[in-house]
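J.: Would you be able to build a 3D model of this:
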Amino acid sequence: GYAWFSFVFTFGYWNIAAGSWALISAMFAGLVLHLHIVYRMHRLELWYSAQRLSVLRGISLGGLAASTIVSIYYAYLAVSTHQPVYPIRDSFMIAAVWSFMTVKWSAGLAYFSHKYKARIEGEREYNTF
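T.: So this is what the prediction gives:
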């Protein structure tokens, strides 16, 4: 359901920037959801190795840095040009909101991939088999 916002903003309102950031945000959110589901089902080690979780953390930290910079830039553009939120097609503030959602989900992915990596490595030390 979350990825539909990408299509709504891209093809419904023609705000390509907001739609693109909504799609990127949905990908990060989907990965966080998947991590939680496989962890709760006790299948995390089958889906993700410690190295793969490290790669996910690195990708999410890159996404966090990029989306933070872009969020600040969009907010600056919206404020400095005194641009209203409507029409949504030309709104930098809507794009700033979606890039901030990407900040949130990429930070969440960085946190949980680090947390679950530590759990996998911790459990490996105590496993005698």
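
J.: Output the longest helix belonging to this protein.
T.: Taking DSSP state H as the criterion, the chain has its longest helix at helix 92-126.

J.: Buried residues, that helix. List them.
T.: Buried residues in helix 92-126, defined by neighbour count with 16 or more other C-beta atoms under 10 Å: 92-103, 105-110, 112-114, 116-117, 120. (C-beta placed from N, C-alpha, C; glycine too.)

J.: can you give me how far that helix is from the chain middle?
T.: Averaging C-alpha positions (C-alpha atoms, centre = their mean, to the nearest Å) puts helix 92-126 7 Å from its chain's average.

J.: From the contact counts, what lies against that helix?
T.: Counting contacts by 3 or more C-beta pairs under 8 Å, 6 or more residues apart in numbering; DSSP states H and E, helix 92-126 is packed against helix 16-40, helix 44-47, helix 50-80.

J.: Single out the most deeply packed of those helices.
T.: helix 16-40 (a mean of 19; mean count of other C-beta atoms under 10 Å).

J.: what angle separates that helix from helix 92-126?
T.: Counting by axes from the mean of the first three to the mean of the last three C-alpha atoms, to 10 degrees, helix 16-40 lies at 20 degrees to helix 92-126.

J.: could you check the angle helix 50-80 makes with helix 16-40?
T.: Going by the same axes, to 10 degrees, helix 16-40 is angled at 150 degrees with respect to helix 50-80.

J.: so for the longest helix of the chain, what's the average pLDDT?
T.: Across helix 92-126, pLDDT averages out at 89.

J.: Same question for stretch 33-50.
T.: Here the average pLDDT along stretch 33-50 is 92.

J.: pull the CA atoms of that stretch into CSV?
T.: Provided in CSV are the C-alpha atoms of stretch 33-50 (Å, rounded to 0.1, in the frame of the first residue of the first chain):
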residue,chain,number,x,y,z
LEU,A,33,9.3,-4.7,7.5
HIS,A,34,10.9,-7.7,6.0
LEU,A,35,13.7,-7.7,8.6
HIS,A,36,11.1,-7.5,11.4
ILE,A,37,9.0,-10.3,9.9
VAL,A,38,11.8,-12.8,9.4
TYR,A,39,13.2,-11.9,12.8
ARG,A,40,9.9,-12.6,14.6
MET,A,41,9.5,-15.9,12.7
HIS,A,42,13.0,-16.9,13.8
ARG,A,43,14.3,-17.1,10.2
LEU,A,44,16.6,-14.1,10.2
GLU,A,45,19.8,-16.2,9.9
LEU,A,46,18.3,-18.0,6.9
TRP,A,47,17.6,-14.8,5.0
TYR,A,48,20.4,-12.6,6.0
SER,A,49,24.0,-13.2,6.9
ALA,A,50,26.0,-10.7,9.0
